[in-house]
Each structure stands twice: as C-alpha cells, then as structure tokens.
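Asker: Build me a model:
(chains A, B, C and D)
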2 protein chains.
Amino acid sequence: MHMKSSLAQSQWPVSVATAPACEGCGLVERCFLAKPLPDDDGDCADIVRRRYPIERGERLYRRNTPFTSLYQVCSGSLKTQRETPEGDLVVTGFFLPGDVVGIDALADRQYQSDAYANIDTEVCQLDFERLLSHCAHKPGLNAWIISMIGSYVRRKDSDLSWSCSLQTHQRVLRFFLDLHERLTQASHTQSSGLSLPMKKQDIASYLHMTPETLSRNLAQLRREGLLHLHDNRFTLPDTTRARAITGL
Amino acid sequence: MHMKSSLAQSQWPVSVATAPACEGCGLVERCFLAKPLPDDDGDCADIVRRRYPIERGERLYRRNTPFTSLYQVCSGSLKTQRETPEGDLVVTGFFLPGDVVGIDALADRQYQSDAYANIDTEVCQLDFERLLSHCAHKPGLNAWIISMIGSYVRRKDSDLSWSCSLQTHQRVLRFFLDLHERLTQASHTQSSGLSLPMKKQDIASYLHMTPETLSRNLAQLRREGLLHLHDNRFTLPDTTRARAITGL
DNA sequence: TCGTTTTCTTGATCCAGGTCTATTGGAAGC
DNA sequence: GCTTCCAATAGACCTGGATCAAGAAAACGA
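Answerer: Predicted coordinates:
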C-alpha cells in the first residue's frame, strides 16, 4: 500500500481497495476492486470514485444523457425506469449491493433509463473509458467486465422468459424468492427477516401489474403462509413450496 | 492478401476477410472480420470458421452444453428457445444476418437456450477464448465485442419494456416494424416485399401470445391496411401510422 | 398426382387481471 | 393535537386474450 496521499481537489481518490473509504463495505465477492485487482498497485485508482452517496429519491443519471460511468452498488438499492409513449413510468430494474448499473447504455453511449435511489445508497462510480484502457495490461479486468455484463444479460433473459408467461401470483412469489436470494448473498445477515428496499407500486410496475393486483396477491400469499411481510420486512417461510409454485 | 493456402484437415480456415468464402457475403457494416480488423494480417484467422452452413431445422447448439463459440449470422435466420418448467417451448429470440448468437452464455459459460435454424442458414463461428486472447493487442476488437454485447443488451431491454405492457395487436405490429428495419439494413434489397424467415407459431411464442391470437391480429392488421402478408412475403404500407400505433 | 401431416385460420366461450371507486392507514407539515 | 397527502387495501364490474373445438390450407413424402 503505497500512495495513500489524497489530492484534495481531485474528483477521483487515488488510494486503493483497502483504503479508508472501503472499510466496512462488506462487498467482497463481487466488488470491482477486490476481484480483478487483488494485488493492485494503485495505478487503477483513477478509474473509481468510491462510496459515492445518493440519498433516497435522488437521481443518479438521466435518460438520454451521455454515458460516462458504470456504477456498482455498495449499499442500499437503486431502480431504473423509463417512460412509455403514453407518458407513464415503468420500472425496468432493481439493483442491490454488488449489482452494476448503467450497462444498458453500452450500445449507443447514452443512458437508456433514469436511475433513482430507492433508499439511501452508496455506489462506486467506474469511469468506463479508463476502465477499458486498463484492460490491455490487466487481463483479469477484461474478464470481470465480460462476466459482469454476462450476469446482466442472464438476468434480463430470465426476466423476459417469466415476466409475461407466468400468472400474477407466480410473478410476485418469484420476485420475492429472487430478492431474498440476492439480498442474502449480498449481506450474509439472516436476521429477523429482510427489509424490502423499494415501494410496492414500483414492484407492481416492474412486474407488469397494477398496485391493486399486487396487493391482492400479497394478501393471498400471506393467507397461504408463503410470505410474511410486515413493516417492510419480509421472510419466506416455505421456499420449497414457493419454488415449486413458481416453477424453479 | 497473403496466405490464401487452405489446410485441408484444419477446422479453422487460415485465410482472411476477403478470402473466397467471404465473397458474395454481403455483410459489410456489421461483419466481425470487416469492422475491427480492416487491415488484418491473418493472425486472427484462427478465431473464425467462416460460412458454416446449418440447414433448416438443424440445431446449432444445445442448452446446458459448454460455451465455446459465438456465432455471427451471415445469411438466413436462427431462433433460440428454451423450455418452461411445464415443458412447453418458448422462443426467446430471432437472429438475422449480422446478429451474434450465444451471448446469453457469457455469464456461466453454458448455453442458456437451444439455437435452431429457421431456414437454411450460414454462420461464422467465433472461438471465444481466442477472441479474448487477441483483445490485448487489437484494441478495435475489444470495442467490437463490447458494442456487440451492448446491442444485444439494448435489444433485450427494449423487448422487455414492450413485451408485456402493449396489447397484442401492438406487439404484432411492432414485431413486423422491427423485422422490416433489421432485414432492410442487413440486405439493402427492397424488392417485392421481404420474406418472413420464421414460422407463425414461433412468432406467437416469441410475442407471448397464442397462434390463434396472432392469426386474428394479422387478419385485423390486413383489414386495416397496415400490413400486407402473403406467401411468407410482407410489406408495411403505412409505417408512419404503424409506428404511431405501437408508440414509436 | 395423391394422401398424410403439419400449420394456419375462424368461431364460441370463459376467466384472469385491469379499471373504477371507495376506504383505510401512515408519514410529513403546521 | 389536527390536517393533508399519498400509499395500500378491498369490492364490483368489464374486457382482452386464452382456451376449446373444428375446419381450411399449405408443406411434405411417396
């Protein structure tokens, strides 16, 4: 660990993975800095702006603005949404710790959606041009990018395959199963249930149903003992049965 | 153009972009060989197996087999499909000349779907490992990969945003508008209509509706003068109105 | 050419989920 | 405290598209 000096005016901190800002982050397995650059000597530090805070409701980027950076979520949660021609908003994705946001902008270098923080959130901003320019002499970095994009593609593909074909109660259940899985792998804490980091109407929008339908289905799932949900905390008492119902 | 010799037993032809197999291909703008390697000296030739033919109904790769190659369509058309837990098949994508197939396998190095030829088809097979290994000294290649994946992501994202929220007749119309655009940019020929390279039941599956519903909607669109479709050839007489209806 | 098979089309019925309305609950502001 | 506002529930109704059933038309092999 050389170079711990911080240039006060610099937007990009120059210190590396184990620097103060990374302490207590909790993201190890999927972190951009930890994985492809385990023994980084500091020359990649200009890529990243670490633990950049976004408060609840704040916008991270806007649709149709030039693409400059990808963002990896450290804590909290983001959503992306876009507007239909009729003028109403549709939520296109939820992003949890470890997830990378902004990948939809790769094609034409313009963000394709608006990104908002669902709750108070921290992200690591990754300058994409600098990221690419480091690939040549950091083979692990290229692999990290490919696999990161790969995960995004896989998610979109699987979303697409069930978002329409399943019934509403199956979609709801599947959403909670997925969320449960992603939240536990991110934080490892299995306390008294997990907290639901987004609003119900956003869930409804994401699942292509009305808030009323979501509400009815939640009530039904509670009645059947498949989901506990109270005060924005939830547990899945019977994941085996839930999986069977959703077809997993 | 050096090195036009062909090693008879070699699976991988050693000649380059303008070699015999590429003559009359027609793909220029989006071709893997033409774009990132315009002045290639032949050292990338081990990446590609050019114009590999697949006949109608034949399978290119199978789900849950190890990922080795990406395939760029030269001529013809492919579909990818997967099986639902209930056992019925869902078409997840159509691929036309210029499109790259197999991207969904990047995440866990296993193909996520079955790929079949809709009609007699030619593809260029790209060995992925060799492709990556050439990235370090071919900056244009890395950019090509990123932008290729980017296009795929954009397509999936936009599919996801309309596949559920639109009514069936809008989805059908949008499908034909999209197909028209992709086919004309690929071939530049605007003869007496474009030929429809896939079966109607596959279109129905892809659009998340029953063949019956598709058929009814096609009849309706014909009646309204928005679509001509006969003998697997189609034209869109009024794209302006069609776009307005689908919200574009 | 024919007969067989598969794909496509049309009509009649039914139900999941959207729409509309009203009510309840909870958080922010004064 | 009370009010305001928006999110969340619940009931009554309605419609788009699935389902079921049957017929027409291609595609295919002999």
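
Asker: So residue A:244: helix, strand or coil?
Answerer: Under DSSP: H, G, I helix; E, B strand; the rest coil, residue A:244 falls in the helix class.

Asker: Burial check on it, number of neighbours?
Answerer: Residue A:244 is flanked by 11 other residues according to other CB atoms under 10 Å in any protein chain shown. C-beta: built from backbone N, CA, C; applies to glycine.

Asker: Model confidence score at it, please.
Answerer: We have a pLDDT of 93 for residue A:244.

Asker: what's the spacing between it and DNA strand D?
Answerer: Distance, residue A:244 to DNA strand D, by CB to the nearest atom of the strand, to the nearest Å: 19 Å.

Asker: Repeat that for residue A:181.
Answerer: Look at residue A:181 and DNA strand D: by CB to the nearest atom of the strand, they are 22 Å apart.

Asker: Can you tell me what sits against the strand or helix carrying that residue?
Answerer: Here residue A:181, judged by DSSP states H and E, is contained in helix A:168-187. With contacts defined as CB atoms under 8 Å, 6 or more residues apart in numbering or on different chains, helix A:168-187 is touched by A:26-27, A:29, A:94, A:96-99, A:162-163, A:166, A:190, A:194, A:196, A:203, A:206-209, A:213-214, A:217-218, A:220-221, A:226-227, A:234, A:236, A:239, A:242-243, A:245-248.

Asker: And it, how far out from the chain middle?
Answerer: 13 Å (CA atoms, centre = their mean, to the nearest Å).

Asker: And for stretch A:158-171?
Answerer: Remark: stretch A:158-171 is offset 20 Å from the chain centroid, using CA atoms, centre = their mean.

Asker: show me the contacts for residue A:227.
Answerer: Applying CB under 8 Å, 6+ apart, we find residue A:227 in contact with A:173, A:176, A:218, A:221, A:234-237, A:242.

Asker: ok, now with 10 Å
Answerer: Contacts for residue A:227 (CB atoms under 10 Å, 6 or more residues apart in numbering or on different chains) come out as A:172-173, A:176-177, A:180, A:217-221, A:234-238, A:242.

Asker: Residue A:81 belongs to a helix?
Answerer: No. Going by three-state DSSP, the assignment for residue A:81 is strand, not a helix.

Asker: how far away is it from DNA strand C?
Answerer: 17 Å.

Asker: same question, residue A:47
Answerer: Relative to DNA strand C, residue A:47 is positioned 36 Å away (CB to the nearest atom of the strand).

Asker: Going by secondary structure, the nearest residue to that residue once chain neighbours are set aside is in what exactly?
Answerer: Excluding its sequence neighbours, the residue lying closest to residue A:47 (CB to CB, 6 or more residues apart in numbering or on different chains) is residue A:130, at 4.7 Å. Assigned by DSSP H and E, residue A:130 belongs to helix A:128-135.

Asker: thinking again about what came up before, ok, which pair from the contacts of residue A:227 is furthest apart?
Answerer: A:180 and A:219 (19.3 Å; CB to CB).

Asker: At the contact with DNA strand C, which residues of chain A appear?
Answerer: Near DNA strand C, the residues belonging to chain A are A:167-169, A:208-210, A:212-213 when assessed by CB under 7 Å from any atom of the strand.

Asker: Of these, grab the buried ones for PyMOL.
Answerer: Selection command for PyMOL covering only the buried members of the residues of chain A next to DNA strand C, criterion 16 or more other CB atoms under 10 Å in any protein chain shown:
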select buried, chain A and resi 168+169+208+209+213
